[in-house]
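Peer 1: Compute the structure for the input listed below.
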Amino acid sequence: MNWSPDPTLFEILGFGIHTYSLMFVIAFSLGYYLMKGMFKTEKVAFKYLEPLLFYMVFSTLIGARLGHVFFYDWDYFSQHPLEILLPIKDMGTGYKFIGFRGLASHGAVIGILFGIYLFQKKYNFKSWLWILDRLTLPATIGGMFVRIGNFFNSEIVGKFTGTDFGVVFLNNRETLPRHPAQLYEALGYFILFW
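Peer 2: Just a heads-up that it's a prediction; the model follows:
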């Protein structure tokens with residue numbers, strides 16, 4: 001199968017809305033819904049739910065961004081520190097708004113663990129492990145949607161294959177099929193969620 005999707009779904013006022021971003025919105029929205037159900041079942045005050053969502057969104061995105069910066073591209077970002085947390089790119093003649101490019105899931109995990117710690121300390125809410133235990137479901141289904149976003153972005157591709165499961169990622173200027181590792185991983189996350 002040849003794969004060459006346009007990662008931009010549509011534009012609003014000149015800003016592109018990307019499939020990958022939509023997958024994050026779905027992941028956080030579904031996570032909020034799942035946590036709300038758990039809070040209701042366990043009779044936990046809803047006043048903690050939105051602050052928890054706030055901490056999760058920011059700690060996930062900041063951790064994922066810093067993970068990419070420090071684990072994969074420090075040589076570049078050490079020379080362009082403004083681009084670490086600002087959605088801009090140095091074009092040589094000035095900066096251009098490009099949105100954020102470059103997130104690492106293992107950086108997100110580190111960010112989430114730190115975010116939960118900060119949330120728990122600020123609100124003196126349950127234990128750190130209690131929160132982690134409840135976040136397992138939203139994290140697994142969220143991981144599934146993020147990997148689907150990776151598939152649309154033609155990133156985190158698998159090894160070359162000669163099987164019928166191969167996908168030619170034309171956006172990466174490839175001509176040989178690879179395993180769609182993102183979809184395998186998305187399926188794994190779904191099974192874990194279930």
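Peer 1: For N153, which residues are in contact?
Peer 2: Counting by C-beta atoms under 8 Å, 6 or more residues apart in numbering, N153 makes contact with 7, 18-20, 171. Any C-beta I mention is one placed from the backbone N, CA and C, and that applies to glycine too.
Peer 1: Looking at it now. What's its pLDDT?
Peer 2: If you check N153, the pLDDT there is 91.
Peer 1: Kindly report the same for the one 10 residues further on.
Peer 2: Confidence per residue is given as pLDDT, and for T163 that number is 85.
Peer 1: can I get the contacts of N153 in JSON lines with secondary structure?
Peer 2: Formatted as JSON lines, the contacts of N153 follow (DSSP: H, G, I helix; E, B strand; the rest coil):
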{"residue": "P7", "secondary structure": "coil"}
{"residue": "H18", "secondary structure": "strand"}
{"residue": "T19", "secondary structure": "helix"}
{"residue": "Y20", "secondary structure": "helix"}
{"residue": "N171", "secondary structure": "helix"}
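Peer 1: Dump those into JSON lines; add distance to T140 as well.
Peer 2: Shown next, in JSON lines, are those (distance: C-beta to C-beta, whole Å):
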{"residue": "P7", "distance to T140": "24"}
{"residue": "H18", "distance to T140": "23"}
{"residue": "T19", "distance to T140": "20"}
{"residue": "Y20", "distance to T140": "19"}
{"residue": "N171", "distance to T140": "27"}
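Peer 1: Just the buried ones among those, please.
Peer 2: By neighbour count, with 16 or more other C-beta atoms under 10 Å, the contacts of N153 hold 7, 18-20 as buried.
Peer 1: want to try JSON lines for the residues you listed, with pLDDT and distance to L176 as columns?
Peer 2: Formatted as JSON lines, the buried ones among the contacts of N153 follow (pLDDT from 0 to 100; distance: C-beta to C-beta, whole Å):
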{"residue": "P7", "pLDDT": "83", "distance to L176": "22"}
{"residue": "H18", "pLDDT": "87", "distance to L176": "26"}
{"residue": "T19", "pLDDT": "91", "distance to L176": "24"}
{"residue": "Y20", "pLDDT": "90", "distance to L176": "24"}
